[in-house]
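Engineer: compute the structure for the input listed below.
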Amino acid sequence: MLYAPSFYAIMHRRWLVNKTNPEYITYLSKTASVSPVLAQIFMNRGIKTPVEISSFLNPHISQLSDPFDIQGVKIAVDRILTAKTSGEKVLVHGDYDVDGLSATAIILKALKMLGIDSHYFIPNRMEHGYGFNLSSVRKAKQTGAALIITVDCGITSFEAAALCKKEGIDVIITDHHEPIRSQNENPPSPPFGKGGIAALKIPSPSRGEGKGGGDRIQEFLLPDALVIVNPKISNHKSSISDLSGAGVAFKLAQALATVHNPQFAIHDFLDLAALGTMADVVPLTGENRLIAKEGLRLIEDGIRPGLRALKKVSGIEGKVLKPGLLSFTIIPRINAAGRVSDSNDVIKLLLTDSEDEALDISSWLDKLNLERQQIEEDVYQAAIYKLNSKGVSPVIVLSSEGWHQGVIGIVASRIAEAFYRPTFIISIEGNIARGSARSIPSVDIYKALTGCKEFLAGFGGHKQAAGLKLESKNILSFEECINRIVSETLTEKDFIPSLEIDAVVDFSDINFNLTKELGMLEPFGFGNAEPLLGAKRLEVLYPKIVKDNHLKMKLRQDNQSIDAIGFDMAVFFDKLEASTTIDAVFTPFINEWEGARSLQLNLKALRPSL
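Structural biologist: Here you go, the predicted model:
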């Protein structure tokens, strides 16, 4: 079997140790009543005062920001309440990934609580493609909807918005993806649309329409919708700038709760908002951290039949839930529907009160996920075969006829992680090709794509992930263009993954209190990674390989020894025999076994002591 050298990123990394003025660390440790190690971690993450530390460690629902701070929310709320008063039908246009499906469920639930006749449309990936498009407009006309609310999409849907305006259908776009900046780009070409483009200036808004961004004015090219609710079209960087699609939908629901119904409890939406937030890999800081932490508790408590059933089929009933666990259990099962089938029943799952219906749909998703895994592995192996033949470039671009579009994003992510290169996986269907991209921290893939737009029919996304469409004949020219842009902007060092170590510690610093402190930083995820500690000149005792691929040993420093486990690190075993004194990077945790509790180190990297 062919495979990527996934251990490359483990074996070849730059170790970077964050350092701070030790006197300030001592001061912060005393004034915030935390250990010096935790004080160092907070400093590394830009949390530098006792007040900021207290706020981070003790998030509470009362700390949610005013939803009307987001530009456009007031107009959106007024239009939705007009639909209620007028008895209009509303269509919610969603997306087929977890973030988009969670956002759809949030808005639908809010509309139904208001008594609004609401419907939804989730595009089929293969039939309709991605985003708010003409299919949704046709659906709105069929249902007689006077208002469309998009979630997790729409920020570049110029053609659909223009057609809605022509048909007399109002559109509220809620999204979190990057808007097109007009000062850097010409108006987009089809399929984005031939018209319906509004070059919008975002000045300091008036009271009640969001917080201003000073005197600086930023122009965007935006669809001609009634209103656009997207924190990324504001100049004001805040705790809500990096919301997920479900997070933006949650803020709209929060605003409706504020102005309409005191029984409109925001707790009814927090679990769904957390699900979308954790699935979309947005930074778990600011408001995202609060949503994830509060929502995880609700998912763990099992208040929603659909999520309770998903936990059951995933085998995680009764377990402590963390974002990392969800990303391997509930999230891929929900995503499987959009990848290899149709996602409409997922909305039923997220909103049903029926235990039987929830279990039926969850079991169906479980089977779809197994199918998705096999399809993904087939495409991955085919992609690695091609890569082994052509070699690794600064940007990896692989294409083939018939690769399933539902899994090319996952395959791109796996290859990008394994080879530490921006990666494009492109599926060809005749004259048209569609691709998915995943990047590395040093490459803004969305910005790089703008430099190759002459070869593209359309694209959209974020700094670290994007989708694109192009004519098949342009794939080679696009590959040359994207490689040239990245090669001109990066150095060799940028292609070497780095390991950022939060603090260098002695084994005497590691105790049960420290592990408890580190646990207070949860939930961990993008933007709030699990802390990494380092220790030097450790003696290796009794190394052995367990369960085929894991490395187990004792590490000793001075007179103190601690058990250590390195998952998928058996490749280091032979090197340990040649060098018994090592430096290690790890996260300490409490191992519980047969009623006993002991300290253990979860190893992340090893090297011979310098």
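Engineer: residue 283: how many residues sit nearby?
Structural biologist: 16 (other Cβ atoms under 10 Å). Glycine gets a C-beta too; all of them are placed from N, C-alpha and C.
Engineer: relative to residue 530, how far out is it?
Structural biologist: 14 Å (Cβ to Cβ, to the nearest Å).
Engineer: before we move on, what about residue 275?
Structural biologist: 20 Å.
Engineer: residue 602 is in contact with residue 567, correct?
Structural biologist: Yes. Taking Cβ atoms under 8 Å as the definition, residue 567 is a contact partner of residue 602 at 7.4 Å.
Engineer: between residue 275 and residue 530, point out the one with more neighbours.
Structural biologist: residue 275 (33 against 17).
Engineer: where does the more buried one land in three-state SS?
Structural biologist: helix (DSSP: H, G, I helix; E, B strand; the rest coil).
Engineer: what residues are up against residue 128?
Structural biologist: Contact analysis of residue 128 by Cβ atoms under 8 Å, 6 or more residues apart in numbering lists residue 135.
Engineer: let's see that with 10 Å instead.
Structural biologist: 96, 121-122, 134-136, 139 (Cβ atoms under 10 Å, 6 or more residues apart in numbering).
Engineer: over to residue 461?
Structural biologist: 156, 177-178, 436-439, 445-446, 449, 467-468.
Engineer: show me where the stretch 401-550 of the chain has strands.
Structural biologist: Secondary structure of the stretch 401-550 of the chain (DSSP state E, counting those that start in this stretch): strands at 423-429, 432-438, 458-461, 465-471, 498-501, 503-504, 533-546, 550-557.
Engineer: least reliable of those by average pLDDT, please.
Structural biologist: Lowest mean pLDDT of the strands of the stretch 401-550 of the chain: strand 458-461, a mean of 87.
Engineer: who does that strand pair up with?
Structural biologist: Strand pairing for strand 458-461, determined by DSSP bridges: strand 465-471 (antiparallel).
Engineer: for the partner strand, the distance to its chain's centre please.
Structural biologist: Strand 465-471 has its C-alpha centroid displaced from the chain centroid by 19 Å (Cα atoms, centre = their mean, to the nearest Å).
Engineer: for that strand, list every residue counted as buried.
Structural biologist: 465-470 (16 or more other Cβ atoms under 10 Å).
Engineer: just want the most central residue of this structure.
Structural biologist: The residue lying closest to the centre of the chain (Cα atoms, centre = their mean) is residue 281, at 1.5 Å.
Engineer: pretty sure it is in a helix, no?
Structural biologist: No. Using three-state DSSP, the assignment for residue 281 is coil, not a helix.
Engineer: tell me the contacts of it?
Structural biologist: 99, 244, 323, 327, 413, 462, 464-465, 525-527.
Engineer: can you turn the buried part of those residues into a ChimeraX selection?
Structural biologist: Remark: buried members of the contacts of residue 281, expressed as a ChimeraX selection using 16+ other Cβ under 10 Å:
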select :99,244,323,413,462,464,465,525,526
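Engineer: among the contacts of residue 281, which lie within helices?
Structural biologist: Counted as lying in helices by DSSP state H, out of those, are 99, 323, 413.
Engineer: which residues does residue 546 contact?
Structural biologist: 552, 565-567, 570.
Engineer: just the buried subset of the contacts of residue 128, written out for ChimeraX, thanks.
Structural biologist: The buried residues among these can be selected in ChimeraX (16+ other Cβ under 10 Å) with this line:
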select :96,121,122,135,136,139
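Engineer: out of the contacts of residue 128, which comes closest to residue 73?
Structural biologist: The nearest member of the contacts of residue 128 to residue 73, counting by Cβ to Cβ, is residue 136 at 22.0 Å.
Engineer: next helix or strand past the stretch of helix or strand the closest one belongs to?
Structural biologist: Using DSSP states H and E, the element containing residue 136 is helix 134-143. With elements assigned by DSSP H and E, the helix or strand that comes after helix 134-143 is strand 145-150.
Engineer: list the neighbouring strands of that next one plus their orientation.
Structural biologist: strand 89-93 (parallel), strand 170-174 (parallel).
Engineer: next, the angle from it to helix 134-143.
Structural biologist: Counting by axes from the mean of the first three to the mean of the last three Cα atoms, to 10 degrees, strand 145-150 lies at 150 degrees to helix 134-143.
Engineer: identify each buried residue in the helix or strand that strand 145-150 is followed by, please.
Structural biologist: As assigned by DSSP H and E, the chain's next helix or strand after strand 145-150 is helix 158-167. Going by neighbour count (16+ other Cβ under 10 Å), the buried part of helix 158-167 is 158-165.
Engineer: quick one: the helices in the stretch 1-150 of the chain, in order.
Structural biologist: 8-11, 22-32, 36-44, 50-57, 73-86, 98-113, 134-143 (DSSP state H, counting those that start in this stretch).
Engineer: ok, which of these comes nearest residue 419?
Structural biologist: helix 8-11 (6.8 Å).
Engineer: distance check, the closest residue to residue 38 other than its chain neighbours against residue 320.
Structural biologist: Excluding its sequence neighbours, the residue lying closest to residue 38 (Cβ to Cβ, 6 or more residues apart in numbering) is residue 517, at 4.8 Å. The spacing between residue 517 and residue 320, counted by Cβ to Cβ, is 18 Å.
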